[in-house]
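In: Model the following, please.
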Amino acid sequence: MLKNLPLKIIMIFVSALLSQPSLSVDGCPGRLLNPATDVCWQCLFPIIIGGIPLTAPGQVSNGDPIPPPICACPAPPPVFIRPGIGVSFWEPARISEVVRQPMCSPTLGGVQLGAMPVPRGTHNQGDDDTGNAFYHVHWFDYPILEWVGELLSDVLCPSSGEFNALYMTELDPVWDSDALSFLINPEAALFANASAQALCAADAVKAATTQFGFDALFWCSGSQGSLYPLSGSHANHIGGVDSALALTHTMAFKLHRQLIEWDTSSPAAMCGPVPQPLLRKNQYKAHIVYPIPWVANAHGFGAQSAIWGAGREFPYVGEDFSYLIWRKKACCAL
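Out: Below you'll find the predicted structure:
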């Protein structure tokens, strides 16, 4: 299985051999992710164990309260209560692929997963340096901590998972239609006004200065503009890097609304994930892994890409994107 040491070595070796973006015969670009070079391992921090924070350079808190040093969770009889130690950390848990060609997977090395009669992604620039874009998004379960046998995922906060496609927008007719997307987010009508959108400027400033925006302004995606609609359209397209970030945020929000993704980081989730239909966006941070990785840091939704995004979009093999999604996890450790 995945915890077999030789297999892990083979995975890293094969990824290293295929470390350059390439274009498959069917026009699907991709490159296998190399765990040794493409993952921001310092992004596991800040880690808090028993009330004691452990930090790493450049890694900042998202503002969550520190877990209690001592905690307790329900347990089967005759024990009923299981005491533990409060732990929190960031886990690399998901991959978001944002692609133009339907069913194309850059993360799998440029594999065409099939064919679907759905619109192809587009993007264009307007006369005022803004435009619009449409992309498909693939959301993968990517439990890389389990694969490398980390203490955090194996002992302190056990979890289970396999590499798996959790959601592919080619299979979702709502993704192609802004009008249909209104059915799952009717509250969008409340924020389609100048006053609500003006507040997104404050979200952009906070995300630019602290790496995380305001959870209360859930309809904002900071420097990437408005979160809505929950479809593949992005109306503030100034480049693929930012549009891909915006649609990654949109996908996370959509999956929480559909109860596919849950809360893993609040005090209520310390004994296990709980439903969170309204995404608390600062539960997540991300960094790009395709076409050119950035591993110095990860940023919350809405943060600027000016520093790290330059040169990460280029013709042919550099117009599709993959982001490694880090999810905050709090637990009452055994």
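In: where exactly do the strands run in the stretch 51-200 of the chain?
Out: Ranges of strands in the stretch 51-200 of the chain, per DSSP state E, counting those that start in this stretch, are 52-54, 70-74, 81-99, 104-105, 111-112, 122-125, 131-134, 136-141, 164-168.
In: what's the most buried one of those strands?
Out: strand 104-105 (a mean of 24; mean count of other C-beta atoms under 10 Å). All C-beta spots, glycine's among them, are computed from the backbone N, C-alpha and C.
In: From the contact counts, what lies against it?
Out: Contact here means 3 or more C-beta pairs under 8 Å, 6 or more residues apart in numbering; DSSP states H and E; on that basis strand 104-105 packs against strand 29-30, strand 111-112.
In: model confidence over the last one, on average?
Out: Just to be clear, that refers to strand 111-112. For strand 111-112, mean pLDDT rounds to 94.
In: Can we start the residue count at 9 from this point?
Out: Shifting the count to begin at 9 puts that one at strand 119-120.
In: How far away from the center of its chain is it?
Out: The chain centre lies 21 Å from the centre of strand 119-120; the measure is C-alpha atoms, centre = their mean, to the nearest Å.
In: and what of stretch 301-317?
Out: For stretch 301-317, the distance between its averaged C-alpha position and the chain's averaged C-alpha position is 12 Å (C-alpha atoms, centre = their mean).
In: Chain neighbours aside, what residue packs nearest to Asp184?
Out: Nearest-residue entry for Asp184: Pro127, 5.8 Å, with adjacent residues in sequence omitted and distances by C-beta to C-beta, 6 or more residues apart in numbering.
In: Revised request: answer the last question for Leu286.
Out: Phe226 (6.2 Å).
In: Just say helix, strand or coil for the one you found.
Out: Here Phe226 is coil, with the state taken from DSSP: H, G, I helix; E, B strand; the rest coil.
In: circling back: redo the strands of the stretch 59-208 of the chain as TSV? Include distance to Gly38.
Out: Formatted as TSV, the strands of the stretch 59-208 of the chain follow (distance: least, C-beta to C-beta, whole Å):
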stretch	distance to Gly38
strand 60-62	35
strand 78-82	41
strand 89-107	9
strand 112-113	6
strand 119-120	7
strand 130-133	19
strand 139-142	20
strand 144-149	12
strand 172-176	15
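In: closest to Arg288 out of these?
Out: strand 89-107 (14.0 Å; C-beta to C-beta).
In: Just checking: what are the partner strands of that closest one?
Out: Each strand that strand 89-107 pairs with, and the sense of that pairing, follows from DSSP bridges: strand 55-57 (antiparallel), strand 78-82 (antiparallel), strand 144-149 (antiparallel), strand 329-341 (antiparallel).
In: Could you export those strands as TSV, including distance to Ala276?
Out: Written out in TSV, the entries for the strands paired with strand 89-107 read as follows (distance: least, C-beta to C-beta, whole Å):
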stretch	distance to Ala276
strand 55-57	17
strand 78-82	12
strand 144-149	22
strand 329-341	9
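In: got those as TSV, with mean pLDDT and distance to Met111 columns?
Out: As requested, the strands paired with strand 89-107 are exported to TSV (pLDDT from 0 to 100; distance: least, C-beta to C-beta, whole Å):
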stretch	mean pLDDT	distance to Met111
strand 55-57	94	38
strand 78-82	95	41
strand 144-149	97	8
strand 329-341	95	15
